[in-house]
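In: take this sequence and fold it.
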Amino acid sequence: MSPFFAAIIGGIIVLGVLGDFLFTKTKIPSPVMLMLAGILLGPATNILQSDIFFGIAPYFGTIALILILFEGGLDLEFELVIRQFSSALLLGFLSFGLAAAGVTAICLILLQMDMSEALLYGFIFGGTSPAIILPVLPRLSITKNLKTLLTLEAVISEVLTVISVIIYINILNEPEEFEGLSIFTHIMASIGISILLAMLSGLVWSRFMGYFSKQNLAYMLTLGFVLLLYTVTDFLGGEPAVTILAFGILLGNSKILATKSQSVLARLNSTINVDDFELDEVVKKINAELAFLIRTFFFVFIGLLFDFTLFSNEVLLTAVAVVAVFFVSRAATVNLVRPLSPSLRSAHISSTLALVPRGLATAVMAFIVLDSKIITSERLLPVVFALILASNLVMSMFVYYYQSRHSEDAAGEEKKIVM
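Out: Below is the predicted model of the structure:
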């Protein structure tokens, strides 16, 4: 490793740590600072050549998403997940549906696309990015209930993006095989497979966690299992993001769940040692450190992928219009779900309007569409890059606004929520 390359790696890590620290002072989320650093290292100065990173983008993005989702799952409380799941499901479907419909309309009216191409754009940009949202949520001054709700919604939103794009490509390529096929049915089947795999894996792995987590290389063993679980879920037709998040939730709450199961097992003349289900704090800490490292480079990586030579007035106008659609659809979704969700009713709307960023998952779906040869890159890629940057910048402005004015009210909001 050359000293120059080592200096870049070290500088990025230090910037990530400083970004986390400065968030408490400046209220500016670190993802934007890191993406701007990537833009500075790549397209702005050509210190690092952006072209070489496109080939590894899907792989690096996958690893980052796995670790971020697993960390997010470990930090969620099982009871809150159960309580917030129905609201998150409704919020996720409505948010994705309204955003996809709005983007499709923009493409039909502003860009004069045909319906099939406009729908693809709608599906690509319909969902938000949990890889960007999940690291920001713990630093927002909002209640645990709302954090849980927004975490679940972000994952559901991305699942809808991935599944809808892939299914629609298949429909366009082989329409005769998909006559009468319901996208909704495929989504529910995929989520069902994912949850079943997560439950089985969580049950098996948590049973031995009390022993494994106190041994050397316990985290490496768990990380290997998580990566294999991701692969198996994808192979069986499930949605890996749901599986990893659910597995993290079960593993992080395994001792609590085992404790509640004691009374049931006692009636069956069977007992368990709840300490065998406890995840060692060292494992959690190592995962948090590794997740921080990967997501720091992930955000810089997004910045490296930008290509400003593709930008034009039409692209910028389209980006502005689509970002406006994101916020209109987001506001409409939150207001529709608010009466049904105590967590949303007690929260200031700016805390939820901020969560519209698109990230590497959007870019990966765009590359998949381009590989299918259904549409060309001349129109899609510039819009993808512009929207990723614009949506994250706008998220930062909303987060800054909310944290500056409402951080002192979070403790009071927690008490007002109807449990």
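In: downstream of the helix or strand where Ile256 lies, the next helix or strand is which one?
Out: Under the criterion of DSSP states H and E, Ile256 resides in helix 254-267. Next along the chain after helix 254-267, taking DSSP H and E as the criterion, comes helix 281-304.
In: which strands and helices sit next to that following helix?
Out: helix 3-26, helix 30-39, helix 57-74, helix 130-136, helix 218-235, helix 360-371 (3 or more CB pairs under 8 Å, 6 or more residues apart in numbering; DSSP states H and E). Every residue, glycine included, has its C-beta placed from N, CA and C.
In: dump the ones you listed to CSV, plus mean neighbour count, distance to Leu196 and mean pLDDT.
Out: Listed next are the helices and strands packed on helix 281-304 as CSV, based on neighbours: other CB atoms under 10 Å; distance: least, CB to CB, whole Å; pLDDT from 0 to 100:
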stretch, mean neighbour count, distance to Leu196, mean pLDDT
helix 3-26, 13, 36, 83
helix 30-39, 23, 33, 85
helix 57-74, 21, 16, 83
helix 130-136, 25, 21, 86
helix 218-235, 16, 10, 91
helix 360-371, 20, 23, 80
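In: nearest to Glu378, of the ones you listed?
Out: helix 360-371 (10.2 Å; CB to CB).
In: show the average pLDDT along the helix or strand following that closest one.
Out: Next helix or strand after helix 360-371 toward the C-terminus (DSSP H and E): helix 377-406. The pLDDT scores in helix 377-406 average 82.
In: what is helix 377-406 packed up against?
Out: Checking 3+ CB pairs under 8 Å, 6+ apart, helix 377-406 ends up next to helix 30-39, helix 115-126, helix 130-136, helix 313-337, helix 350-353, helix 360-371.
In: now render the ones you listed as TSV, adding distance to Leu223.
Out: Below are the helices and strands packed on helix 377-406 laid out as TSV (distance: least, CB to CB, whole Å):
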stretch	distance to Leu223
helix 30-39	23
helix 115-126	30
helix 130-136	17
helix 313-337	34
helix 350-353	32
helix 360-371	20
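In: tell me who's in contact with the most centrally placed residue in the chain.
Out: Centrality entry for the chain: nearest residue to the mean C-alpha point is Pro130, 1.2 Å, by CA atoms, centre = their mean. Neighbour list for Pro130: 65, 68-69, 72, 151, 154-155, 157-158, 241 [criterion: CB atoms under 8 Å, 6 or more residues apart in numbering].
In: rerun that using 7 Å as the cut-off
Out: If you count contacts by CB atoms under 7 Å, 6 or more residues apart in numbering, Pro130 has them with 68-69, 154-155, 158.
In: which residues are in contact with the closest residue in space to it that isn't next to it in sequence?
Out: In space, Pro130 comes closest to Ala154 once its chain neighbours are excluded; the distance is 4.0 Å by CB to CB, 6 or more residues apart in numbering. Ala154 makes contact with 128, 130, 133-134, 355, according to CB under 7 Å, 6+ apart.
In: how close does Tyr168 sit to Thr318?
Out: 20 Å (CB to CB, to the nearest Å).
In: just to revisit the earlier point, let's have the contacts of Ala154 in CSV, adding distance to Ile191.
Out: Formatted as CSV, these follow (distance: CB to CB, whole Å):
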residue, distance to Ile191
Thr128, 17
Pro130, 15
Ile133, 19
Leu134, 18
Leu355, 21
